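Novice: pasting the sequence and the predicted model now:
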Amino acid sequence: MTTITENPKAQRTEPAARRIRRRPLIGSNIFLLILTVAFLAPVAWAILSAFKPAGDIIRDPLGFDPTTFTLDNFRGMFQDVPIASGFLNTGIVLVIKGAITLFCAPLAGYAFAKYDFRGKNLIFGTVLLTLMLPTIVLIIPLLLEMKELGWVNTYQALILPGSVDAFAIFWMRQVISAVPDELLDAARVDGCGEFGIFWRIVVPVIRPGLAGLAVLTIMNIYNDFVWPVVVASSSKMATLQVVLSTLAQNISGNKVGADYATVTGELLAASSVALIPLLILFIVLQKHFINGILAGSVKG
């Protein structure tokens, strides 16, 4: 009967190897902690300052006294700024434009990933080429087009341009390319139609990538400023970002004697309110967002 003897030398080197592996891990955690503090510090300062008296924001910008906690900045902001209509317009654009993107982009990506047709590579290359065009180059032609259609200061102008962008198509094409062709062939053998294959087979498989695209789409639409400020000059059609950008002018024009401290306090209050939806979105969907990013990184 043979006995297995442990190697004392291996026992001595194993803790040392663990220590060597642990050191880079500790260093990475410290570095990530520093980055987290650097990114969150301005956000925390803005939120805390929104609850300070307007004069204290100017006199002591880095200090915070809990005894001076006040909601005056928020009350003044809701009285002077049409932030409710900004949220409403942004919500309407977000729901309709996001739905169009999340319906059409996967279909286009599915066609580029799983079908062979004449001119496929040329068309896909042309789609990718549009990613290189700066947004500022497209503004004037789009604005003239909206004027000819009579869509200036309408929801159509805010929603339809850019509803299905090249990045969304490229993202979904990369995700769908990872779906095995055997699944699709098996569904065809069972008599499933082409749209049925997409809806019943492809969509459940690409759900993480679709969730990642949804988060990115919501963030892009919510933070969009350049196109809404150009095509929606009416205060009734202003989205949230346009309302925030003109906040100082609106307060100065609507409130007699508004000083710099008051404007700053109400601006911080409005920014804090605007931050809440995105913060909730990221907290709720952070797992899906990370999984979607990983799914979108698959090579086609």
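Specialist: Noted; the coordinates are in hand.

Novice: so where's the chain shaky on pLDDT?
Specialist: Filtered on pLDDT under 70, the chain yields the residue ranges 1-24, 248-258, 288-300.

Novice: middle-most residue in it, spatially?
Specialist: The centre of the chain sits closest to Met219, judged by CA atoms, centre = their mean, with a distance of 2.4 Å.

Novice: from Leu279, how far out is it?
Specialist: 12 Å (CB to CB, to the nearest Å). Placement of C-beta: from N, CA and C, glycine included.

Novice: what helix or strand does the residue lying closest to the residue nearest to the centre of the chain once chain neighbours are set aside sit in?
Specialist: Nearest residue to Met219, sequence neighbours excluded (CB to CB, 6 or more residues apart in numbering): Leu278, at 6.6 Å. Assigned by DSSP states H and E, Leu278 belongs to helix 260-296.

Novice: what is that helix packed up against?
Specialist: If you count contacts as 3 or more CB pairs under 8 Å, 6 or more residues apart in numbering; DSSP states H and E, helix 260-296 packs onto helix 8-50, helix 54-59, helix 72-80, helix 83-114, helix 166-177, helix 207-223, helix 240-245, helix 247-254.

Novice: so how far is that helix from its chain's centroid?
Specialist: 9 Å (CA atoms, centre = their mean, to the nearest Å).

Novice: same question, stretch 178-186
Specialist: Per CA atoms, centre = their mean, the displacement of stretch 178-186 from the mean C-alpha position of its chain is 31 Å.

Novice: then it to PDB, C-alphas only?
Specialist: Output in PDB follows, covering the C-alpha atoms of stretch 178-186 (Å, rounded to 0.1, in the frame of the first residue of the first chain):
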ATOM      1  CA  ALA A 178     -23.400  34.800 -31.200                       C
ATOM      2  CA  VAL A 179     -26.700  33.000 -31.500                       C
ATOM      3  CA  PRO A 180     -26.000  29.500 -32.900                       C
ATOM      4  CA  ASP A 181     -27.400  28.900 -36.400                       C
ATOM      5  CA  GLU A 182     -28.400  25.400 -35.300                       C
ATOM      6  CA  LEU A 183     -31.200  26.900 -33.200                       C
ATOM      7  CA  LEU A 184     -32.600  28.800 -36.100                       C
ATOM      8  CA  ASP A 185     -32.400  25.800 -38.500                       C
ATOM      9  CA  ALA A 186     -34.200  23.600 -35.900                       C
END
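
Novice: cool, thanks, signing off.
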